[in-house]
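> build me a structure from this.
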Amino acid sequence: MLTLVAWPIWLTLNLSLHRVRLFDILRDRPIAFTTANYERLLGDARFWESLATTAIFVVGSVGLAILVGLASALLLERRFPCRGAVRLAVILPWAVPATIGSLVWMFLADGHLGLFNHILLSLGLITEPIAFLVHNEFAMVMVILAHAWHSYPFFTVMLLAALQAIPSELHEAARVDGATTLRRFWHITLPALRNTLVISGFLSVLAAIRDVETILVMTGGGPGRATETLAVRIWSESFRFYDIGFGAAQGCVAFLLSLLLMCFALRRLMRSFWG
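Down below sits the predicted model:
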């Protein structure tokens, strides 16, 4: 824990308190402590824009992944022919590396050869191809879809395990009492899945906050800054502009936000366990 967690956190905090470029680290020269990076951060409009973009990306991708994961878990819980093969196919996106999956989605959304344009043109919904990753209105939608596609199998696996742990006697008793499928889902299934949804949702939110590969591969943070999340901005400041001190300051802010989310999730879990 000290080597893999505490030490990197301390190094990041230390870098955030210095005005240092990436290559200055190798020179090992004394640099005075300063809060200039944080002062610059508070007055940086791009930082606040990246926070808003991060919120949109996280809420959209995690919310969609939860819905698709819950629907697929409910489907895979039922008995039907070739259920094992279908289960394997459903969770397959989880095994695909994020970079490869993002490349696939980038080609699907291509303005000339993309499958999305081909389908929309065939259905007569559009009259000319759309460059999805070039327009502000569509670029964020595409990266949200790509991230949700890659992460929904996690919810499928977690929720499927929770569904199988629900005693069948509860559904049978409710069915005898005349409860409809929707009422059984609302009053039995959802309450039983609450803790699993909180845990898996919290972990997925943390993963979405630090997701860099999806956006870098598909849009690079563009068009303009329409898809520049906080994680992408940290990467850009640190490794594109070599301003490692300013990037570390933003990294500390991202860590603080994640820590607050973790405390909130743990508090909700403790309340549910202990009342």
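> run through the helices of this structure in chain order.
Applying DSSP state H to the chain gives helices spanning 7-16, 36-42, 45-77, 83-95, 98-108, 115-122, 136-164, 168-176, 181-184, 190-209, 213-218, 230-235, 244-274.
> elements contacting the fourth one?
Taking 3 or more CB pairs under 8 Å, 6 or more residues apart in numbering; DSSP states H and E as contact, the helices and strands that helix 83-95 lies on are helix 45-77, helix 136-164. Where you see a C-beta, it was placed from the backbone N, CA and C, and this is true even at glycine.
> pLDDT (mean, whole number) over the last one?
To tie it back to what came earlier, the one meant is helix 136-164. For helix 136-164, mean pLDDT is 92.
> got it, and the first one?
When the per-residue pLDDT values of helix 45-77 are averaged, the result is 93.
> that one vs helix 190-209, what angle?
Orientation of helix 45-77 against helix 190-209 (axes from the mean of the first three to the mean of the last three CA atoms, to 10 degrees) gives an angle of 140 degrees.
> pick out the residue nearest the middle of this structure.
The chain has residue 208 as the residue nearest its centroid, 2.2 Å off, counting by CA atoms, centre = their mean.
> now do the same contact list for it.
57-58, 61-62, 147, 151 (CB atoms under 8 Å, 6 or more residues apart in numbering).
> which one of those has the most neighbours?
Counting neighbours by other CB atoms under 10 Å, residue 147 leads the contacts of residue 208 with 29 neighbours.
> that residue - nearest residue in space that isn't next to it in sequence?
residue 61 (4.1 Å; CB to CB, 6 or more residues apart in numbering).
> verify the contact between that neighbour and residue 140 for me.
No: with contact defined as CB atoms under 8 Å, residue 61 does not count as touching residue 140 (9.9 Å).
> ok so, going back, what would the helices of the chain look like in a markdown table with distance to residue 22?
Listed next are those as a markdown table, based on distance: least, CB to CB, whole Å:
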| stretch | distance to residue 22 |
| --- | --- |
| helix 7-16 | 10 |
| helix 36-42 | 14 |
| helix 45-77 | 19 |
| helix 83-95 | 34 |
| helix 98-108 | 23 |
| helix 115-122 | 38 |
| helix 136-164 | 27 |
| helix 168-176 | 58 |
| helix 181-184 | 56 |
| helix 190-209 | 23 |
| helix 213-218 | 18 |
| helix 230-235 | 12 |
| helix 244-274 | 5 |
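> so which of those helices is nearest residue 1?
Closest approach to residue 1 among the helices of the chain (CB to CB): helix 7-16, 9.5 Å.
> roughly how far is that closest one from the heart of the chain?
24 Å (CA atoms, centre = their mean, to the nearest Å).
> residue 244: neighbour count?
Residue 244 has 24 nearby residues by other CB under 10 Å.
> distance of the nearest residue in space to it that is not next to it in sequence relative to residue 218?
Of all residues not flanking residue 244 in the chain, residue 22 sits nearest, at 4.5 Å (CB to CB, 6+ apart). As defined by CB to CB, to the nearest Å, residue 22 lies at a distance of 25 Å from residue 218.
> for those two, indicate the residue with more neighbours.
Using other CB under 10 Å, the more surrounded residue of residue 22 and residue 218 is residue 218, with 23 against 16.
> low-scoring pLDDT stretches of this protein, where are they?
In the predicted model, the chain carries pLDDT under 70 at residues 25-30, 272-275.
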